[in-house]
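# For reference, the sequence and a predicted model appear below.
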Amino acid sequence: MKEFWTTMASVMGVWAFCQSILHTVFPPELRFASLKLFNRITNWFSLYCYYDITEIDGVNTNELYNAVQLYLSSSASIIGNRLSLTRGLNSSAITFGLSNNDCLVDVYNGVAVLWEHVVTQRQSQTFSWRPLPEEKRGFTLRVRKKDKSLILESYLDFIMEKANEIRRKNQDRLLYTNSRGGSLDSRGHPWESVPFKHPSTFDTLAMDPVKKSEIMDDLQDFAKGEVFYQKTGRAWKRGYLLYGPPGTGKSSMIAAMANYLGYDIYDLELTEVNNNSELRKLLMKTSSKSIIVIEDIDCSINLTNRKKSNNSSGRNKNYDVSVSPPDMRGGSGSGGGEEGGNSITLSGLLNFTDGLWSCCGSERIFVFTTNHIEKLDPALLRSGRMDMHIFMSYCSFPALKILLKNYLEYEEGDLEREMLENLEEVIDKAEMTPADISEVLIKNRRDKDKAVRELLEALRVRAEKKREKGGSRERNSTDVEDEEEEKRALESPKEGCESQESFKKGEEDDDDEKIH
Ligand SMILES: Nc1ncnc2c1ncn2[C@@H]1O[C@H](COP(=O)(O)OP(=O)(O)OP(=O)(O)O)[C@@H](O)[C@H]1O
């Protein structure tokens with residue numbers, strides 16, 4: 001034993017001696033250089049190159065790190081045995097991630113790459129304006145040298161794009177509304193938001209399937225149209241005008257659009273906007289990939305007559321409008337222009353949707369809804385302003401089949417042929433809105449047969465009334481009043497909106513605007 005310790009001591013002595021010689025002969029600079037040379041030589045012969053993507057870049061969060069994490073989560077959920085799970089704010093989906101120091105192989109365009117999630121303890125807390133996490137996290141990407149250019153040119157962009165897609169899919173939609181009188185919230189934002197969980201989709205939307213798929217294709221083309229818009233020099237935005245009687249699904253259509261594209265909704269309440277500059281500021285605070293909605297535009301703002309103002313100077317053309325509901329505005333001097341302080345103008349609104357300011361973001365959809373298209377100023381309807389005019393009609397037979405499926409789970413062929421024929425015969429004549437039909441179906445949804453029988457009865461009664469009234473050419477005023485009373489009861493229209501009959505009159509005038 002003694003001998004062993006003596007030998008050990010002499011070995012240690014020799015080692016210390018060699019080390020001191022090494023330090024004298026090779027100074028630290030030379031050692032560092034030789035280490036570098038060694039690394040170079042090994043790199044030279046290595047088949048791979050490596051890229052480090054750290055979570056924090058200096059003091060800022062590295063977007064690429066988050067994107068890679070999200071992107072890998074889709075493959076990790078299938079392959080991994082031990083995964084980290086996260087659920088983000090405003091997200092109803094759980095994201096899978098690689099655990100510490102785990103690896104995953106990904107294949108892109110036939111090229112295999114290796115991702116490693118590297119987690120180490122942070123050595124010392126460097127000075128920063130915000131505390132850094134104790135762990136240093138990052139991804140290391142190992143790529144074959146021959147595939148380097150492919151990876152750098154397109155793989156990383158592909159990851160960013162995919163991650164955005166996943167983020168949008170996982171994240172709940174947000175519904176924004178402008179705060180009262182343009183006041184700002186604690187973050188200096190003029191919009192207040194709540195999670196948007198409207199269940200309406202294009203599957204549940206009752207409308208003619210051809211029209212529906214035309215709209216879906218248009219939305220798809222828009223969402224994928226970045227290159228097209230860039231090439232043609234057009235702003236990447238699109239306008240839809242939804243018009244039709246109350247209860248035909250205009251709001252449901254907006255929700256379906258948002259759910260289809262994964263966009264947030266900005267519900268712009270015009271009566272809360274004081275002037276054009278406030279309108280512009282609101283627009284500037286909207287994000288890309290969003291739908292900006294102005295509902296019942298004819299009720300919240302008077303955009304009808306551009307007649308000359310009867311003020312004495314005669315210079316004030318009546319583009320300027322008051323934002324109070326039309327029936328509260330009174331006859332004289334409607335609006336008063338921006339001088340009034342509490343007004344926005346038609347040109348202001350057009351600038352909002354169409355002018356230079358409308359291009360301060362991208363990939364945005366504007367949707368206006370109205371029950372009275374005939375009340376809108378032609379300037380708002382001109383081509384290029386609202387790209388698509390969508391007529392939301394009374395319930396048609398194909399739309400009825402969708403409602404029967406939604407509420408009673410009736411598939412094509414579940415209903416007796418005779419019943420279907422009866423419904424088909426009467427549905428167009430009855431001119432009932434999907435909202436009215438939904439009410440009848442909901443009421444009896446536990447007894448499907450009863451629900452369908454009652455629906456048929458309601459449709460027949462309605463059709464008969466229509467026939468009687470349509471038959472007598474000279475209707476007296478009591479008839480009209482009765483009819484309007486009945487419709488008011490059925491549709492409970494919003495304050496300031498007129499009855500469906502006047503809508504229909506306008507609708508006939510504007511037939512050429514419809515999409516059928
Ligand atoms: N086309 C439709 N498809 C499916 N459901 C519909 C449709 N139209 C109306 N509904 C039903 O009626 C309800 C009211 O419809 P919605 O609010 O979308 O109509 P609207 O045209 O926007 O009415 P308003 O002009 O009064 O705002 C919805 O919650 C939905 O259940």
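Done, it's in.
# can you list the weak-confidence ranges in the stretch 301-450 of the chain?
301-342, 355-361, 383-384 (pLDDT under 70).
# Can you name the residue of this structure nearest the ligand?
When Cβ to the nearest ligand atom is the measure, the chain has its nearest residue to the ligand at Gly249, with 2.6 Å between them. For every residue, glycine as well, the C-beta is placed using N, CA and C.
# Who are the contact partners of that residue?
Applying Cβ atoms under 8 Å, 6 or more residues apart in numbering to Gly249 gives the contacts Leu205, Ala206, Met207, Met392, Pro434, Ala435.
# If we use 6 Å, what do you get?
With contacts defined as Cβ atoms under 6 Å, 6 or more residues apart in numbering, Gly249 is in contact with Met392, Pro434.
# Backbone dihedrals for it, please?
phi 100, psi 30 (degrees, to the nearest 10).
# what does the model give it for pLDDT?
Here the pLDDT value assigned to Gly249 is 95.
# Show me which residues of the chain sit near the ligand.
On the criterion Cβ under 6 Å from any ligand atom, the ligand has as its neighbours in the chain the residues 204-207, 246-252, 371, 392, 434-435, 438.
# Give me the residue at the spatial middle of the chain.
Against the mean C-alpha coordinate of the chain, by Cα atoms, centre = their mean, the closest residue is Tyr263 at 0.6 Å.
# Strands along the stretch 1-150 of the chain, start to end?
Along the stretch 1-150 of the chain, the stretches classed as strands by DSSP state E, counting those that start in this stretch are 48-54, 56-57, 60-61, 83-86, 95-98, 103-108, 111-121, 135-144.
# Quick check: which of the ones you listed is buried the most?
With neighbours taken as mean count of other Cβ atoms under 10 Å, those reach their highest mean count in strand 95-98, at a mean of 21.
# Any chance of the strands of the stretch 1-150 of the chain in TSV with distance to Tyr176 and mean pLDDT as columns?
Below are the strands of the stretch 1-150 of the chain laid out as TSV (distance: least, Cβ to Cβ, whole Å; pLDDT from 0 to 100):
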stretch	distance to Tyr176	mean pLDDT
strand 48-54	33	90
strand 56-57	30	77
strand 60-61	24	72
strand 83-86	25	70
strand 95-98	24	72
strand 103-108	36	87
strand 111-121	35	87
strand 135-144	33	88
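# Helices along the stretch 351-500 of the chain, start to end?
In the stretch 351-500 of the chain, helices defined by DSSP state H, counting those that start in this stretch lie at 378-381, 397-408, 417-430, 434-443, 448-471, 477-491, 500-509, listed in chain order.
# Show me what counts as buried in the second one.
Right, the one you point to is helix 397-408. Pro398, Ala399, Leu400, Lys401, Ile402, Leu403, Leu404, Lys405, Asn406, Tyr407, Leu408 (16 or more other Cβ atoms under 10 Å).
# From the rest of the structure, what touches that helix?
Helix 397-408 is contacted from outside by 204, 206-209, 410, 424, 427, 437, 441, 445, 448, 451, using Cβ under 6 Å, 6+ apart.
# Let's see that with 8 Å instead.
Around helix 397-408, the neighbours that count as contacts under Cβ under 8 Å, 6+ apart are 204-209, 395, 410-412, 415, 423-424, 427-428, 434, 437-438, 441-442, 445, 448, 451-452.
# Report the angle between that helix and helix 417-430.
Taking axes from the mean of the first three to the mean of the last three Cα atoms, to 10 degrees, one finds helix 397-408 and helix 417-430 inclined to each other by 120 degrees.
# got the angle for helix 397-408 vs helix 448-471?
Helix 397-408 and helix 448-471 are oriented at 150 degrees to each other (the same axes, to 10 degrees).
# from the chain's centre, how far out does helix 397-408 sit?
From the chain centre to the centre of helix 397-408 is a distance of 26 Å (Cα atoms, centre = their mean, to the nearest Å).
# now that helix and helix 434-443, what's the angle there?
Angle between the axes of helix 397-408 and helix 434-443 is 30 degrees (criterion: the same axes, to 10 degrees).
# could you dump helix 397-408 to PDB, C-alpha only?
Coordinates of the C-alpha atoms in helix 397-408 are reproduced here as PDB (Å, rounded to 0.1, in the frame of the first residue of the first chain):
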ATOM      1  CA  PHE A 397     -84.500  24.800 -49.700                       C
ATOM      2  CA  PRO A 398     -80.700  23.900 -49.700                       C
ATOM      3  CA  ALA A 399     -80.300  26.300 -46.700                       C
ATOM      4  CA  LEU A 400     -83.200  24.600 -44.900                       C
ATOM      5  CA  LYS A 401     -81.500  21.200 -45.300                       C
ATOM      6  CA  ILE A 402     -78.500  22.600 -43.400                       C
ATOM      7  CA  LEU A 403     -80.700  23.900 -40.600                       C
ATOM      8  CA  LEU A 404     -82.400  20.500 -40.300                       C
ATOM      9  CA  LYS A 405     -79.000  18.900 -40.000                       C
ATOM     10  CA  ASN A 406     -77.800  21.500 -37.500                       C
ATOM     11  CA  TYR A 407     -80.800  21.400 -35.200                       C
ATOM     12  CA  LEU A 408     -82.300  17.900 -35.700                       C
END
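# TSV please, covering the strands of the stretch 1-150 of the chain and showing distance to Val227.
Formatted as TSV, the entries for those read as follows, by distance: least, Cβ to Cβ, whole Å:
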stretch	distance to Val227
strand 48-54	27
strand 56-57	29
strand 60-61	29
strand 83-86	33
strand 95-98	30
strand 103-108	21
strand 111-121	25
strand 135-144	27
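# Alright, I will stop here.
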